[in-house]
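1. my questions are about this predicted structure, shown below with the sequence.
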Amino acid sequence: MQFRQQALSKLQSPEEIDLPVRFARPQGRLVLIVTVVVMIAACAWAVNGTVSSTLGAPGILTHAQGSYVLQSPVAGQVTGVLAKEGERVSADAPLLKVRTARGDTLVRTIAAGRLTTLVAAIGSVVTTGADVAAVERVENADDPLMAVLYVPADSGSTVPVGASVDLTVQSVPTQQYGVLRGRVASVGRTAQSRQRITGFLGSGQLGEEFSKDGQPVSVLVRLDRSAASRSGHSWSSSQGPPYAVESMTLATGAIHLAEQHPIDWLLP
């Protein structure tokens, strides 16, 4: 009954329409202003701002002309090694001397390039057809160094030609010298099998490594040149490392994909 009497009294009292209505307390007014400012800033960023994304991929520094595996044409014992790893060799250059039942035989290179791997050593025994060396094809001494990245096949279509690339080189301390700069020169449209990667790089181990997550597509990266650095290339640091980076060095690339306006993906 008490609540009923209070309700009836309230209905009989005149309406207080002449009193001002308070919409918010001072603290609430401050919160409202901050909320409005944040919403305006978010709308401005959605219209005028951009969002950039990167795609990471493993790769290797190379002259992009491929490699070949040199096999011994004879069976016998190696009695002489006539070249060292890292050296440039000419076409038909003597590489090994092998003693056979019919006398000494020279194992020669097929094409000019850089000797990247030498399996045979003095005293070792080789069989006919055994792999003894790997040579990276390099036609001229001034052929530019490039990078080949192996991107998952389903992401290859998102990589635009001309996109900037940051390369973390295995032999260069990143914290001290930064990353190597480059741009996408071309994007392969055919998935690379382990056998094709092995044939191109001249290494079954690399073929296995780059294809362990499926058949990738190759992305060729042209390295930015810089006369100010000792390596001859552009780095994120002022000068980069005080030495030149070699081909067949492993690297990891961060490809900067095309920037998009946030409103493009915020709206359905």
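-> Ah, there it is. Residues are numbered from 1 along each chain as shown.
2. low-confidence regions, this protein specifically.
-> 1-38, 40-52, 258-268 (pLDDT under 70).
3. can you give me the strands for it?
-> Residue ranges of the strands in the chain, as given by DSSP state E, are 54-62, 67-71, 76-81, 88-89, 94-100, 103-108, 113-118, 125-126, 131-137, 146-152, 164-169, 180-187, 216-223, 250-256.
4. how about these in TSV, adding distance to residue 207 and mean neighbour count?
-> Any C-beta I mention is one placed from the backbone N, CA and C, and that applies to glycine too. What follows is the strands of the chain, written out as TSV (distance: least, CB to CB, whole Å; neighbours: other CB atoms under 10 Å):
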stretch	distance to residue 207	mean neighbour count
strand 54-62	11	20
strand 67-71	11	20
strand 76-81	26	16
strand 88-89	23	18
strand 94-100	23	18
strand 103-108	24	15
strand 113-118	14	20
strand 125-126	23	17
strand 131-137	12	21
strand 146-152	10	22
strand 164-169	21	21
strand 180-187	20	20
strand 216-223	11	22
strand 250-256	13	20
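5. so which of those strands gets nearest residue 195?
-> In this view, the strands of the chain are compared for proximity to residue 195 by CB to CB, and strand 67-71 is the closest at 12.5 Å.
6. now residue 76: closest residue in space that isn't a chain neighbour?
-> Ranked by CB to CB, 6 or more residues apart in numbering and with sequence neighbours excluded, the top spatial neighbour of residue 76 is residue 100, at 3.9 Å.
7. between the strands of the chain, which gets nearest to residue 239?
-> With respect to residue 239, and counting by CB to CB, the nearest of those is strand 180-187 at 12.6 Å.
8. re earlier: list the beta-bridge partners for the residue nearest to residue 76.
-> Beta-bridge partners for residue 100, by DSSP bridges, are residue 103.
9. residue contacts, it?
-> The contact partners of residue 100, taken as CB atoms under 8 Å, 6 or more residues apart in numbering, are 74, 75, 76.
10. what residues are bridge-paired with the last one?
-> Judged by DSSP bridges, the bridge partners of residue 76 are residue 126.
11. next, work out how far apart it and residue 104 are.
-> With distances taken as CB to CB, to the nearest Å, residue 76 is found 9 Å from residue 104.
12. mind listing the shared neighbours of those two?
-> Both residue 76 and residue 104 are contacted by residue 98, under the criterion CB under 8 Å, 6+ apart.
13. picking up where we left off before, make CSV from the strands of the chain and add distance to residue 231 to it.
-> Output for the strands of the chain, formatted as CSV (distance: least, CB to CB, whole Å):
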stretch, distance to residue 231
strand 54-62, 11
strand 67-71, 22
strand 76-81, 29
strand 88-89, 18
strand 94-100, 29
strand 103-108, 32
strand 113-118, 17
strand 125-126, 37
strand 131-137, 18
strand 146-152, 13
strand 164-169, 10
strand 180-187, 8
strand 216-223, 9
strand 250-256, 13
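14. so for residue 237, which of those sits nearest?
-> Closest to residue 237 of the strands of the chain is strand 180-187 (CB to CB; 10.3 Å).
15. check the offset of that closest one from the chain's centre.
-> Relative to its chain's centre, strand 180-187 lies at 9 Å (CA atoms, centre = their mean, to the nearest Å).
16. C-alpha coordinates for that strand, PDB please?
-> Output for strand 180-187, consisting of C-alpha atoms alone and laid out as PDB, is shown next (Å, rounded to 0.1, in the frame of the first residue of the first chain):
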ATOM      1  CA  LEU A 180      69.800  -5.400 -48.100                       C
ATOM      2  CA  ARG A 181      67.500  -3.400 -50.300                       C
ATOM      3  CA  GLY A 182      66.000  -4.600 -53.600                       C
ATOM      4  CA  ARG A 183      62.900  -4.600 -55.800                       C
ATOM      5  CA  VAL A 184      60.900  -7.400 -57.500                       C
ATOM      6  CA  ALA A 185      62.100  -7.800 -61.100                       C
ATOM      7  CA  SER A 186      59.800 -10.700 -62.100                       C
ATOM      8  CA  VAL A 187      57.400 -13.200 -60.600                       C
END
